[in-house]
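**Student:** Below is the sequence, then the predicted model.
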Amino acid sequence: MHKWLLAHRHFAVVALASAIMTLPPQAWFLNAGVRKMSSHAGQRPSLWSVAGQIWKPAIGPAWRL
């Protein structure tokens, strides 16, 4: 039984490492077909103003968890 646990640990690490190594190239390949978009003209709002607008509506779904 002890050998099985050792093998399970080893292969779990190998599986995690291979997933970490293969997912970014897969995502890059999938994003290759996405068209580029130009940025819109105008003034960009600050991060804090956007966060101030969305924090109250975002709390509702969080309380339902």
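**Tutor:** That came in fine, so what should we check first? On a predicted model such as this, the values are computed, not experimentally measured, just so you know.
**Student:** how about the helices in the chain?
**Tutor:** Here the chain has its helices, by DSSP state H, at 2-31, 47-64.
**Student:** export these to a markdown table and tack on distance to Ala41, mean pLDDT and mean neighbour count?
**Tutor:** The way it works is simple: take the backbone N, C-alpha and C, and place the C-beta from them, glycine included. Shown next, in a markdown table, are these (distance: least, C-beta to C-beta, whole Å; pLDDT from 0 to 100; neighbours: other C-beta atoms under 10 Å):
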| stretch | distance to Ala41 | mean pLDDT | mean neighbour count |
| --- | --- | --- | --- |
| helix 2-31 | 25 | 80 | 9 |
| helix 47-64 | 18 | 82 | 9 |
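**Student:** Among those helices, single out whichever gets nearest to Ser38.
**Tutor:** Each of the helices of the chain has some distance to Ser38 by C-beta to C-beta; the shortest is helix 2-31, at 17.3 Å.
**Student:** which other residues reach stretch 19-29?
**Tutor:** Applying C-beta atoms under 8 Å, 6 or more residues apart in numbering, stretch 19-29 turns out to have no external contacts.
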